[in-house]
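A.B. asks: everything below, folded, please.
(chains A and B)
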There are 2 protein chains.
Amino acid sequence: MRIVVALGGNALLKRGEPMTYDAQRTNVRIAAVALADLARAHQIIVAHGNGPQVGLLALQAASYAPQTLWPLDVLGAETEGMIGYLIEQELMNALPAGVECATLLTRVEVNRQDPAFDQPTKPIGPVYTAEEAKLVRAEHTWSMVSEPKGGLRRVVPSPLPQRILGLAAIKLLVEAGVCVICAGGGGIPVVRNDMGGMEGVEAVIDKDRTAALLAQDLKADALLMLTDVAAVMRDFGTPTEAAIRNTTPDTLDMMTFAAGSMGPKIAAANAFVRAGGALAGIGTLQDARAILEGRAGTQIRLDVAETRAKYAQPQQD
Amino acid sequence: MRIVVALGGNALLKRGEPMTYDAQRTNVRIAAVALADLARAHQIIVAHGNGPQVGLLALQAASYAPQTLWPLDVLGAETEGMIGYLIEQELMNALPAGVECATLLTRVEVNRQDPAFDQPTKPIGPVYTAEEAKLVRAEHTWSMVSEPKGGLRRVVPSPLPQRILGLAAIKLLVEAGVCVICAGGGGIPVVRNDMGGMEGVEAVIDKDRTAALLAQDLKADALLMLTDVAAVMRDFGTPTEAAIRNTTPDTLDMMTFAAGSMGPKIAAANAFVRAGGALAGIGTLQDARAILEGRAGTQIRLDVAETRAKYAQPQQD
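C.D. replies: From the prediction side, this is the model:
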């Protein structure tokens, strides 16, 4: 099987853990063992998140030179370098000799008309005091939101991925059997400019949505979204809470999920299987293989009977 | 012709210029015009330096969290993301539609026994006061040198590149006609560890030496090292100073060049042509095509007559 695996940024630099190299390398090593286990039986393409890392780089840059910030497309590209390198290294260390890996930078086109640009929702970078926020706002045209614990934080748009640039090179390598690591952080966000070229844009793209698009473009058999929760839960946080094992996009459409976390995963899963993908799976990194084999996590497939009924043509007699 | 082009990090973020995104993007755009001009007539593979950029990222990280620094291999990987992205974007903007580019992260193996590890020479990161240097030395086992303008600076080893990892993927793409950007900053330095795998090491690799190795591995016809000087100069800084146009490795071996700047370029040029490369060229970015055509810069070739004489077998009669 050909499988696109989307690794959560939080699986690589865990919530509450110090944001250090050692912590990240240890987590990448753990991830690599699970990925190598998959790669021995299947062809895998690895995408990954970058939430904690892009936040860290934004903090570092702001700390050194608050007046000359670097745009999010460039910071995103830096995280593709940082995380991609660590994944490639530890994955190759975990795989038998002779397996080739390649890590590609990936630009992803978004639409300048995407409504997300009018409604920035994704918090990024440092928390500012009211005083600092005033100065920052005089300098930049930023949207900011109040933080629960006080202070203000910049929010940026999270537009939908429209097109993966450099797909031809990814396909060439995948077809040749190379284990490709790409589309890190959902890809580097770019838009078409007035001269017909591409330019970076201040946004972050949801990595699960980009992974779904990549899986579709590569005609992958499965999309695995690996995170720090065991499965999609129904009635999350209530007495009737329970893990959902097998389900369909139509069933999930009737339920509500957290916008910032499970929501995009469900949307990505639904998009992939509705575009023809056989299986989308959600669960923990450690369960990767078990999710694929239906022994853990949540499996999302089109319900063949339901789908047939829905699209059935009236019979002629 | 197949040409490996090595772009100086200083050509992308110029000496004396502010270290900002705008400055870098402008410089990359200028570079892209010259590269696209080459790429229309030849197959190019682009390598690049990262001196100013890796210094900037080290400063940013140190400013935010002086106690938890990130190692040089990871900072190098970040610069491969940052610079590679900007080159790919502006190069594709400058090239006709339909040309494919791909930017690959590149790890380069160095030898743990390389004498450079005992003699760190490459300055990196912030300048510390004597007081700060004492604290830093208590924390890290760093070599430091006094700066001409006062203060102390960390120096790191610059070992020779031994092997380009992921060469198979680079070759696949190059053979398919994709314009490949790789080996940024001389590559991410790694060494073989006790478990038979690879791990990062605190070093920076000279990008011209890595570009020469890459050109050799790809059987390139030419290696072009583009920088901010017009040509290799004989008697530099003296009244008899003059540009060297056509020369040979044997001639260059008899001359002395600055260790930090022209020295590694000459060494890379000599290594490439001695390993069978037809031409190594050194000069400015703007002259790229003229250097290739012998109208500007310095051309280094084996002197065919000299070489024949040197390796001639005694004739049997």
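A.B. asks: and A:D37, what element?
C.D. replies: helix A:21-41 (DSSP states H and E).
A.B. asks: that helix close to chain B?
C.D. replies: Yes: interface with chain B: helix A:21-41 contributes A:Y21 (C-beta under 8 Å from any C-beta of the partner chain). Bear in mind the C-beta positions are built from the backbone N, C-alpha and C, glycine included.
A.B. asks: show me what from the stretch 1-150 of chain A comes close to chain B.
C.D. replies: Counting by C-beta under 8 Å from any C-beta, the stretch 1-150 of chain A comes close to chain B at A:18-21, A:56-57, A:59-61, A:63-65, A:68-71, A:73-74, A:77-82, A:84-86, A:88-89, A:92-93, A:100-105, A:107.
A.B. asks: circling back: touching the helix holding A:D37 from outside, list them.
C.D. replies: A:3, A:5, A:7, A:11-14, A:17, A:44, A:46, A:53, A:83, A:86-87, A:90-91, A:93-96, A:99, A:179, A:224, A:226, A:285-286, A:288-289, A:292, B:68, B:70-71, B:74 (C-beta atoms under 8 Å, 6 or more residues apart in numbering or on different chains).
A.B. asks: what comes up buried for that helix?
C.D. replies: Buried positions in helix A:21-41, judged by neighbour count with 16 or more other C-beta atoms under 10 Å in any protein chain shown: A:21, A:24-25, A:27-28, A:31-32, A:34-36, A:38-39.
A.B. asks: please identify the buried residues of stretch A:246-254?
C.D. replies: Residues of stretch A:246-254 classed as buried by neighbour count (16+ other C-beta under 10 Å): A:247-249, A:252.
A.B. asks: of all the residues you listed, which two lie farthest apart?
C.D. replies: A:T247 and A:P249 (8.2 Å; C-beta to C-beta).
A.B. asks: are there residues contacting both of those two? Which ones?
C.D. replies: Contacts common to A:T247 and A:P249, judged by C-beta under 8 Å, 6+ apart, are A:I300.
A.B. asks: OK, contacts around the residue nearest the centre of chain A?
C.D. replies: For chain A, the residue nearest the mean C-alpha position is A:K207 (1.9 Å; C-alpha atoms, centre = their mean). Contact partners of A:K207, counting by C-beta under 8 Å, 6+ apart, are A:6, A:8-9, A:47-50, A:183-186.
A.B. asks: so which of these belong to strands?
C.D. replies: A:6, A:47-48 (DSSP state E).
A.B. asks: which of those residues sits closest to chain B?
C.D. replies: A:H48 (12.8 Å; C-beta to the nearest C-beta).
A.B. asks: so the closest one sits right up against A:L12, yeah?
C.D. replies: Yes: judged on C-beta atoms under 8 Å, A:H48 makes contact with A:L12 at a distance of 6.8 Å.
A.B. asks: so if I had to pick from these two, which one is more boxed in?
C.D. replies: Neighbours were counted for A:H48 and for A:L12 using other C-beta atoms under 10 Å in any protein chain shown; A:H48 has more, 29 against 26.
A.B. asks: tally of neighbours for the closest residue to the more buried one other than its chain neighbours?
C.D. replies: Closest residue to A:H48 apart from its sequence neighbours, by C-beta to C-beta, 6 or more residues apart in numbering or on different chains: A:L7 at 4.2 Å. Neighbourhood size, A:L7 [other C-beta under 10 Å]: 28.
A.B. asks: list the residues that contact A:L7.
C.D. replies: Residues in contact with A:L7, defined by C-beta under 8 Å, 6+ apart, are A:31, A:35, A:46-49, A:87, A:226, A:285.
A.B. asks: for it, name its beta-bridge partners.
C.D. replies: A:H48, A:L226 (DSSP bridges).
A.B. asks: got a pLDDT number for the residue in chain A that chain B sits nearest to?
C.D. replies: Nearest residue of chain A to chain B (C-beta to the nearest C-beta) works out as A:G81 at 2.7 Å. The score at A:G81 is 98. That number is its pLDDT.
A.B. asks: ok, A:R29 to A:L57 distance?
C.D. replies: 22 Å (C-beta to C-beta, to the nearest Å).
A.B. asks: relative to A:T284, how far out is A:N10?
C.D. replies: A:N10 is 11 Å from A:T284, where distance means C-beta to C-beta.
A.B. asks: contacting residues around stretch A:185-193?
C.D. replies: A:9, A:48-50, A:53-54, A:72-73, A:76-77, A:79-80, A:83, A:105-112, A:159, A:161, A:164-165, A:198-210, B:85, B:89.
A.B. asks: what is the mean pLDDT for it?
C.D. replies: The average pLDDT within stretch A:185-193 is 97.
A.B. asks: also stretch A:113-133?
C.D. replies: pLDDT averaged over stretch A:113-133 gives 87.
A.B. asks: tell me which residues of it are tucked away?
C.D. replies: Judged by neighbour count using 16+ other C-beta under 10 Å, the buried positions of stretch A:113-133 are A:114, A:116-117, A:120, A:122-126, A:128, A:133.
A.B. asks: same thing with stretch A:192-205?
C.D. replies: Of all the residues in stretch A:192-205, those buried under the rule 16+ other C-beta under 10 Å are A:198, A:200-205.
A.B. asks: ok, now which ones touch the spatially closest residue to A:H42 that is not a sequence neighbour?
C.D. replies: Residue nearest to A:H42 in three dimensions, not counting chain neighbours: A:M1, with 4.7 Å by C-beta to C-beta, 6+ apart. For A:M1, the contacting residues are A:42-43, A:221-222, A:292, by C-beta under 8 Å, 6+ apart.
A.B. asks: same check on A:L214?
C.D. replies: By C-beta under 8 Å, 6+ apart, the residues touching A:L214 are A:4, A:45, A:47, A:164, A:170, A:182-183, A:220.
A.B. asks: mind listing what's buried along the host helix or strand of it?
C.D. replies: If you go by DSSP H and E, A:L214 is part of helix A:207-217. Neighbour counts over helix A:207-217 (16+ other C-beta under 10 Å) mark A:207-216 as buried.
A.B. asks: where does the prediction get shaky in the stretch 1-150 of chain A?
C.D. replies: For the stretch 1-150 of chain A, no stretch is flagged by pLDDT under 70.
A.B. asks: can you pull out the strands in the stretch 201-317 of chain A?
C.D. replies: With DSSP state E, counting those that start in this stretch as the criterion, the stretch 201-317 of chain A has strands at A:222-227, A:233-234, A:242-243, A:246-247, A:279-284, A:298-300.
A.B. asks: cool, the stretch 1-150 of chain A as well?
C.D. replies: Secondary structure of the stretch 1-150 of chain A by DSSP E, counting those that start in this stretch: the strands cover A:2-7, A:43-48, A:101-103, A:107-109, A:122-128, A:143-146.
A.B. asks: for chain A, what spans make up the helices?
C.D. replies: With DSSP state H as the criterion, chain A has helices at A:9-12, A:21-41, A:51-64, A:72-94, A:130-139, A:167-175, A:207-217, A:249-253, A:262-274, A:288-292, A:304-311.
A.B. asks: sounds good, over and out.
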